[in-house]
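Visitor: Fold the following and give me the result.
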Amino acid sequence: MLRAFMPHMVYEETFMSIAIIGGSGLTKLEGLEITHRQMLHTPYGNTSSPIIHGKYYGKSVIFLARHGAQHTIPPHKINYRANIWSLKELGVKDVIAIAAVGGIHPDMQSKDLVIPHQLIDYTWSREHTFFTDDLSHVTHIDFTHPYCENLRAQLLSAAKTIALKVHPQGVYGATQGPRLETAAEINRMEKEGCDLVGMTGMPEAALARELEMCYAACAVVVNPAAGRGSAEITMSEIEANLIDGILSVRQLLVELIREY
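Guide: Below is the predicted model of the structure:
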């Protein structure tokens, strides 16, 4: 366990077992009965936003806005280590990560929800591991299957219960950002097996694995990836699709928490 070399921080909190990380379009969780907010100062710096503790349809839940409460932190500047470390320190076992993505596979159209099963990491220069300094031994994690199958199954079960269409699998390609990709880059990603393109999937998933948390993603397609649509990608298009897509995300989360 990583705690062997991490300074231990003690918080007088009720431990939660599930956390939701909100991405673009989900900076707050409607319906969450907030009990309190908490800003954690971790060995890796501050979290993106205050940790929100509350009750969500009768269940204790933690919510964290990945890009900050006002959506001001770009993907390459997110303190992924502080975010994930703080959730682990609060006792979180399961993490649901919401992410806005571009659709590469022709079946994955705008407003669709996808539960990815694999990913390819194209990011660079991000602080991507906890295993860096003061190690007693070199540690490698098994990342063959980057997403937790049990949590993926719960998401798919919840979607089935409410007859919500979701794509049960997809390969998420994580790019550096903050710019969108070129058409040639998307062509390469498609050849390499990517179905979706986003900017926040890594190192978040790997950090959760390092701390032995169960992590799954729910991706909402907000635009065709570069070269896949008939026109230039615009923020107005992305924002309009995000509004509708997040409505479906909220339905899925409500049912997931009810069944949890």
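
Visitor: packing partners for the longest helix along the chain?
Guide: For the chain, the helix that runs over the most residues, judged by DSSP state H, is helix 235-259. Applying 3 or more Cβ pairs under 8 Å, 6 or more residues apart in numbering; DSSP states H and E, one finds that helix 235-259 contacts strand 51-56, strand 59-65, strand 94-103, strand 113-114, helix 149-161, strand 214-224. Heads up, the C-betas are built off the backbone N, CA and C, glycines and all.

Visitor: In JSON lines, list the ones you listed along with mean neighbour count and mean pLDDT.
Guide: JSON lines is the format used below for the helices and strands packed on helix 235-259 (neighbours: other Cβ atoms under 10 Å; pLDDT from 0 to 100):
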{"stretch": "strand 51-56", "mean neighbour count": "20", "mean pLDDT": "91"}
{"stretch": "strand 59-65", "mean neighbour count": "22", "mean pLDDT": "92"}
{"stretch": "strand 94-103", "mean neighbour count": "26", "mean pLDDT": "96"}
{"stretch": "strand 113-114", "mean neighbour count": "24", "mean pLDDT": "98"}
{"stretch": "helix 149-161", "mean neighbour count": "17", "mean pLDDT": "97"}
{"stretch": "strand 214-224", "mean neighbour count": "26", "mean pLDDT": "96"}
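
Visitor: all strands for the stretch 1-150 of the chain, in order.
Guide: Along the stretch 1-150 of the chain, the stretches classed as strands by DSSP state E, counting those that start in this stretch are 18-22, 33-38, 41-42, 45-46, 51-56, 59-65, 94-103, 113-114, 118-121.

Visitor: measure residue 253 to residue 220 for me?
Guide: 12 Å (Cβ to Cβ, to the nearest Å).

Visitor: For the most centrally placed residue in the chain, list the residues it contacts.
Guide: Central residue check for the chain by Cα atoms, centre = their mean: the C-alpha nearest the mean position is that of residue 97, 2.8 Å away. If a contact means Cβ atoms under 8 Å, 6 or more residues apart in numbering, then residue 97 has 21, 23, 66, 200-201, 204-205, 215-218 as its contacts.

Visitor: Neighbours of residue 134, how many?
Guide: Using other Cβ atoms under 10 Å, residue 134 has 7 neighbouring residues.

Visitor: I should have written residue 108 there, sorry.
Guide: When counting by other Cβ under 10 Å, one arrives at 21 neighbours for residue 108.

Visitor: now, the most widely separated pair of the contacts of residue 97?
Guide: Using Cβ to Cβ, the contacts of residue 97 reach their maximum pairwise distance at 66 and 216, which is 15.0 Å.

Visitor: For the closest residue to residue 119 other than its chain neighbours, what are phi and psi?
Guide: Distances taken as Cβ to Cβ, 6 or more residues apart in numbering place residue 172 nearest to residue 119, at 4.2 Å, with adjacent residues excluded. Backbone geometry at residue 172, expressed as degrees, to the nearest 10, gives phi -90, psi 120.

Visitor: hang on, isn't residue 109 packed against residue 223?
Guide: No - Residue 109 sits out of contact with residue 223 when judged by Cβ atoms under 8 Å, with a separation of 9.9 Å.

Visitor: Show me whatever sits in contact with both of those two.
Guide: In contact with both residue 109 and residue 223: residue 103, using Cβ under 8 Å, 6+ apart.

Visitor: Sketch out the low-pLDDT regions of the stretch 101-250 of the chain for me.
Guide: Within the stretch 101-250 of the chain, the segments meeting pLDDT under 70 span 135-136.
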